[in-house]
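**Student:** Please work out how this folds:
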Amino acid sequence: MLWLPTPPREGQDVNATFHGHMSGLFGLDLPPEKWVSYDEANEWLTQFRILAKRDFSQLNSWIDVHATTKEVLEANE
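**Tutor:** Purely as a prediction, here's the structure:
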């Protein structure tokens, strides 16, 4: 089940159904547990780049990168 903040923390409420071709929620509307540390994000990006260099055709995906600080996330809990 998709967690939706009510009211939205960022932007406006939009009636949409998310499927495999959309990135979904972003920014402060993203559930807090979905945020990762810099080190974890850096590792994911490194692995993505390695795979992309080997055979980009094998990547059946995309990545969205959003950044913030711990202070911003804590202030919006």
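
**Student:** now Asn42, what's its secondary structure?
**Tutor:** Secondary structure state of Asn42, per DSSP: H, G, I helix; E, B strand; the rest coil, is helix.

**Student:** Asp13 versus that one, what's the distance?
**Tutor:** 33 Å (C-beta to C-beta, to the nearest Å). Any C-beta I mention is one placed from the backbone N, CA and C, and that applies to glycine too.

**Student:** Quick check: buried residues in stretch 26-43?
**Tutor:** Leu28, Asp29, Leu30 (16 or more other C-beta atoms under 10 Å).

**Student:** Among the residues you listed, which lie within helices?
**Tutor:** With helices identified by DSSP state H, none of the entries of the buried residues of stretch 26-43 belong to them.

**Student:** Throw those into a markdown table and include pLDDT, thanks.
**Tutor:** Formatted as a markdown table, the buried residues of stretch 26-43 follow (pLDDT from 0 to 100):
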| residue | pLDDT |
| --- | --- |
| Leu28 | 83 |
| Asp29 | 83 |
| Leu30 | 81 |
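
**Student:** Out of these, which comes closest to Leu73?
**Tutor:** Of all the buried residues of stretch 26-43, Leu28 has the smallest distance to Leu73: 7.9 Å, by C-beta to C-beta.

**Student:** quick one, what contacts the closest one?
**Tutor:** Each residue near Leu28 by C-beta atoms under 8 Å, 6 or more residues apart in numbering is listed here: Pro5, Arg9, Glu10, Thr68, Val72, Leu73, Asn76.

**Student:** Share the number of residues neighbouring the first one, please.
**Tutor:** The criterion is other C-beta atoms under 10 Å. On that basis, Pro5 has 14 neighbouring residues.

**Student:** can you pull the contacts of it?
**Tutor:** By C-beta under 8 Å, 6+ apart, the contact list for Pro5 reads Leu28, Asp29.

**Student:** can we see that at 10 Å?
**Tutor:** Neighbour list for Pro5: Asp13, Leu25, Leu28, Asp29, Leu30, Pro31, Asn76 [criterion: C-beta atoms under 10 Å, 6 or more residues apart in numbering].

**Student:** Return the helix or strand of the chain with the lowest mean pLDDT as CSV; C-alpha atoms alone will do.
**Tutor:** Least confident helix or strand, the chain: helix 70-75 with a mean of 84, by mean pLDDT, DSSP states H and E. Written as CSV, here are the backbone C-alpha positions of helix 70-75 (Å, rounded to 0.1, in the frame of the first residue of the first chain):
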residue,chain,number,x,y,z
LYS,A,70,18.9,14.9,8.5
GLU,A,71,17.8,18.2,10.0
VAL,A,72,15.2,18.8,7.3
LEU,A,73,13.8,15.3,7.6
GLU,A,74,13.6,15.5,11.4
ALA,A,75,11.9,19.0,11.2
